[in-house]
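*Asks:* the sequence isn't on hand, but the structure is:
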């Protein structure tokens, strides 16, 4: 598919997958693949031949701690010739003094692009509403679109088009699962969720995917859910902010949804396994699966870099 032109993409926010046109999402994935191929064999620190972010400044705001998001965005900007300004929640004190709207207006005078990783979705939306530069959702408590763009890229480089495939999510219907539901509608694959009823994904997101034509299934039996799966995905059961009692309760709820060899045996023989990382081995997934032939988790982690580079180019129309 041809690349989008500057006139197509000037001042585009990347807030959620379902808010981005499907043909634009496809163009982002295709460009990410091309940029990754072009870098094959290069040292990690070597800049790209193409320098679309030369002279550009990107603000990376982290209210929530991060490894992959911080490193992948920082490296991606540098590889494309730009510079980054990394700001923590303590640096910014978003909403605690100066309003988010005023912060957005001020940052827009200094930088060309804003990536924010935050807790409350309302912070992201207010930042985008008042910023005069594109804003990228690096994660909220509700969604994680950049991760799923990397997942689509990873699946397709291993198995070809994801359209029409069966994807199974096992565990907690969290923010990553939400963005996977958005992607189901936009990329045309089917999704089966298996997990306890208390942790079902939001009905709104299920409805959006079904309205777009995807088959979304809720199946409480994890082994029945995984039958014939092309891709099995999971995520951590607990957050670093959870209390010990909350962790114990969630482990009790989710233990039967662990991704292990027995579960992967009922998926297709060539099924892939993904996890956005960091993983709690022997909890939501066993080491046998993480390190086994189905797993592409480290390709998936690398592809955060390539997918986000393409997202940034799309936002800036370069």
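*Replies:* Happy to help now that I have it. What you see is a predicted model; the values in this text were computed from it and never measured.

*Asks:* low-confidence ranges in the stretch 151-300 of the chain?
*Replies:* Screening the stretch 151-300 of the chain residue by residue with the criterion pLDDT under 70, one finds the ranges 240-241.

*Asks:* okay, strands next: where are they in it?
*Replies:* Taking DSSP state E, counting those that start in this stretch as the criterion, the stretch 151-300 of the chain carries its strands at 166-170, 190-194, 216-218, 231-234, 272-275.

*Asks:* format those strands as CSV; extra columns: distance to residue 139 and mean neighbour count.
*Replies:* In short, each C-beta sits where N, CA and C put it, glycine included. Output for the strands of the stretch 151-300 of the chain, formatted as CSV (distance: least, Cβ to Cβ, whole Å; neighbours: other Cβ atoms under 10 Å):
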stretch, distance to residue 139, mean neighbour count
strand 166-170, 17, 25
strand 190-194, 20, 23
strand 216-218, 23, 16
strand 231-234, 16, 27
strand 272-275, 15, 26
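
*Asks:* as TSV, those strands with distance to residue 118 would be great.
*Replies:* Putting those into TSV (distance: least, Cβ to Cβ, whole Å) gives the following:
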stretch	distance to residue 118
strand 166-170	23
strand 190-194	25
strand 216-218	27
strand 231-234	23
strand 272-275	23
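
*Asks:* just say helix, strand or coil for the residue nearest to residue 98 when sequence neighbours are not counted.
*Replies:* Across the structure, with Cβ to Cβ, 6 or more residues apart in numbering as the measure, the residue nearest residue 98 apart from its sequence neighbours is residue 106 (7.8 Å). Secondary structure of residue 106, reduced to three states by DSSP: H, G, I helix; E, B strand; the rest coil: helix.

*Asks:* burial count for residue 106?
*Replies:* Counted with other Cβ atoms under 10 Å, residues neighbouring residue 106 total 13.

*Asks:* if we can go back for a sec, tell me which of the strands of the stretch 151-300 of the chain sits nearest to residue 150.
*Replies:* In this view, these are compared for proximity to residue 150 by Cβ to Cβ, and strand 272-275 is the closest at 9.3 Å.

*Asks:* same for the closest one, what does it pack against?
*Replies:* Using 3 or more Cβ pairs under 8 Å, 6 or more residues apart in numbering; DSSP states H and E as the contact criterion, the elements in contact with strand 272-275 are helix 145-159, strand 231-234, helix 287-290, helix 297-316.

*Asks:* hmm, try it at 10 Å
*Replies:* For strand 272-275, the elements it packs on are helix 145-159, strand 166-170, helix 175-187, strand 231-234, helix 261-264, helix 287-290, helix 297-316, judged by 3 or more Cβ pairs under 10 Å, 6 or more residues apart in numbering; DSSP states H and E.

*Asks:* span of stretch 106-120 from start to end?
*Replies:* Terminal residues of stretch 106-120 lie 21 Å apart, using Cα to Cα, to the nearest Å.

*Asks:* ok, now stretch 13-30?
*Replies:* Across stretch 13-30, the straight-line distance between its terminal residues is 19 Å, by Cα to Cα.

*Asks:* what residues of it count as buried?
*Replies:* Using 16 or more other Cβ atoms under 10 Å as the test for burial, stretch 13-30 gives 13-18, 20, 24-25, 27-30.

*Asks:* ok, stretch 261-268 next?
*Replies:* By 16+ other Cβ under 10 Å, the buried positions in stretch 261-268 come out as 263-264, 266-268.

*Asks:* starting at the chain centroid, how far to that stretch?
*Replies:* Stretch 261-268 sits 25 Å away from the centroid of its parent chain (Cα atoms, centre = their mean, to the nearest Å).

*Asks:* what lies in contact with it?
*Replies:* Judged by Cβ atoms under 10 Å, 6 or more residues apart in numbering, the contacts made with stretch 261-268 from elsewhere in the structure are 159, 165-166, 168, 170, 194, 222-232, 234, 256-257, 259, 271-273, 285-286, 288-289, 292-295.
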